[in-house]
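Undergrad: pasting the sequence and the predicted model now:
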Amino acid sequence: MTDVFDVLGRDHEEVKQMLSQLEEGPTAATGTDEDQRQSRKKLVEQLIIEESRHEAVEQMFVWPTVRQKLPDGDRLADRAVAQEQEGEEVLSKLDKSDPSDPEFEQLLGEFIAAGREHITFEESLVWPELRLALSAEEAEQLADRCETAKQAAPTRPHPGKLSSPEALQSTGPVVAATDRIRDAITGRGKN
């Protein structure tokens with residue numbers, strides 16, 4: 001059976017692969033042509049989509065569970081949410097920047113470092129405690145909720161606007177629908 005750690009772990013692996021590709025890929029500073037810059041922008045768009053969906057699901061279900069189940073859950077969840085909010089701010093700026101702009105690479109570098117730090121925080125400090133606190137059934141139910149919610153989660157960062165589980169559950173679906181319409185119109189997230 002799939003549990004929440006499998007679901008989140010797959011997301012983390014996908015993100016880590018994208019981060020590695022972006023680190024290794026050619027940049028405007030190392031000399032790229034327009035096609036390479038656009039490929040880089042597309043990969044960043046995909047990263048932003050996946051990160052936005054993943055973080056929304058964590059904020060809706062994982063962090064409330066951490067708060068409820070772990071003795072130091074509030075501290076862990078507060079730290080994680082603060083990291084995620086900072087990441088959303090960087091991703092929002094990155095989403096609006098052009099790969100030929102030096103700021104693009106600066107923001108990307110900032111996000112890569114912060115993203116890796118956040119993944120390590122979750123996997124090494126939160127997950128071990130949460131694994132012990134959840135029954136197998138609870139971990140499977142949490143996985144189901146996360147997988148279902150991810151399909152309807154926002155695909156763009158919305159720093160500060162959807163900062164609570166309640167806001168994500170009440171207005172998140174409307175925001176996500178708007179994101180998906182914008183994505184369809186602009187072709188964002190398509191190869």
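TA: Yes, it's here. Numbers count the residues shown, from 1 in each chain.

Undergrad: residue nearest the middle of this structure, spatially speaking?
TA: Glu51 (2.1 Å; CA atoms, centre = their mean).

Undergrad: wait, doesn't it sit right on Gly115?
TA: Yes: judged on CB atoms under 8 Å, Glu51 makes contact with Gly115 at a distance of 7.5 Å. (Glycine included, C-beta is placed from N, CA and C.)

Undergrad: which neighbours do these two share?
TA: Taking CB atoms under 8 Å, 6 or more residues apart in numbering as the contact rule, Glu51 and Gly115 both touch 15, 87.

Undergrad: need the helices for this protein, in chain order.
TA: Assigned by DSSP state H, the chain shows helices spanning 4-24, 34-57, 63-69, 73-96, 102-121, 127-133, 136-151, 165-170, 172-186.

Undergrad: pick the most deeply packed of those.
TA: Mean neighbour count (mean count of other CB atoms under 10 Å) peaks for helix 34-57 among the helices of the chain, with a mean of 19.

Undergrad: can you name every helix or strand that that one contacts?
TA: Packed against helix 34-57 by the contact rule (3 or more CB pairs under 8 Å, 6 or more residues apart in numbering; DSSP states H and E) you find helix 4-24, helix 73-96, helix 136-151, helix 172-186.

Undergrad: need the contact list for the residue nearest to the centre of the chain.
TA: Applying CB under 8 Å, 6+ apart, the residues near Glu51 are 15, 87, 91, 115, 157.

Undergrad: averaging pLDDT per element, find the lowest-scoring helix or strand in this structure.
TA: When each helix and strand of the chain is scored by mean pLDDT, DSSP states H and E, helix 165-170 comes last, with a mean of 58.

Undergrad: returning to what we had before: would you single out the least confident of the helices of the chain?
TA: Sorting these by mean pLDDT places helix 165-170 lowest, at a mean of 58.

Undergrad: that older thread, of the helices and strands packed on helix 34-57, which approaches Ile119 most closely?
TA: helix 4-24 (5.1 Å; CB to CB).

Undergrad: distance from the closest one to the middle of the chain?
TA: Per CA atoms, centre = their mean, to the nearest Å, the displacement of helix 4-24 from the mean C-alpha position of its chain is 10 Å.

Undergrad: name the residues that touch it?
TA: 40, 43-44, 46-47, 50-51, 54, 58, 62, 108, 112, 115-116, 119, 122-123, 127, 130-131, 134, 139-140, 142-143, 146-147.

Undergrad: burial check on Ser135, number of neighbours?
TA: Neighbour count of Ser135, defined by other CB atoms under 10 Å: 8.

Undergrad: so what's it scoring on pLDDT?
TA: At Ser135, pLDDT is 97.

Undergrad: quick check: the gap between it and Val4.
TA: Distance, Ser135 to Val4, using CB to CB, to the nearest Å: 12 Å.

Undergrad: try Glu58
TA: 10 Å.

Undergrad: try Met18
TA: 22 Å.

Undergrad: ok, now Ser124?
TA: 16 Å.
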